[in-house]
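Novice: Provided below for reference: sequence and predicted model.
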Amino acid sequence: MKAQLAFNPAAQQFIDFIAETSSWESVGVHGIKRKTWQEGDPLDYSGCLRPRRKGSQFGGFAYAFASTGVINFRLQHSDEIAELAPDAHRLITGHRRYRVSMQIRDERTLKQALALAELA
């Protein structure tokens, strides 16, 4: 993960996002299963992290990419989200449940990302 953060000019804000969301009650941060994953293989934490509520049947509420600071949230884009996080945008590709994305670039976008994480 440290190697990935080296590419991110807002690495500290990304770390703050992960630290804040993982401090919430019943939230843990997990890696992802690679396409070649087999039973017993460890999760991969090298590039993408998944903040996830314990016991959730829906998986992670976000996919967070350390190298870019991009966070894809399990939300549908709406007027409420556009008002809450003006820097967020709608995704048209990828998994249908993860349709709101934003990049953490500074303290302002960090605050927006945390607000979206609370909704997700």
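Specialist: Perfect, thanks for sending it. Numbers count the residues shown, from 1 in each chain.

Novice: Any stretches of the protein with poor pLDDT?
Specialist: 57-59, 94-96 (pLDDT under 70).

Novice: And the helices in it?
Specialist: Ranges of helices in the chain, per DSSP state H, are 2-5, 11-23, 79-84, 107-119.

Novice: For those, could you give me CSV that also reports distance to F73 and mean neighbour count?
Specialist: Where C-beta positions appear, they are placed from N, C-alpha and C, glycine not excepted. Output for the helices of the chain, formatted as CSV (distance: least, CB to CB, whole Å; neighbours: other CB atoms under 10 Å):
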stretch, distance to F73, mean neighbour count
helix 2-5, 20, 13
helix 11-23, 11, 17
helix 79-84, 9, 13
helix 107-119, 5, 18
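
Novice: Looking at the ones you listed, which is nearest to K54?
Specialist: helix 11-23 (11.2 Å; CB to CB).

Novice: Run through who's touching the closest one.
Specialist: Helix 11-23 is contacted by residues 5, 8, 27-29, 49, 51, 62, 64, 66, 69, 71, 104-107, 109-110, 113-114, 117 when judged by CB atoms under 8 Å, 6 or more residues apart in numbering.
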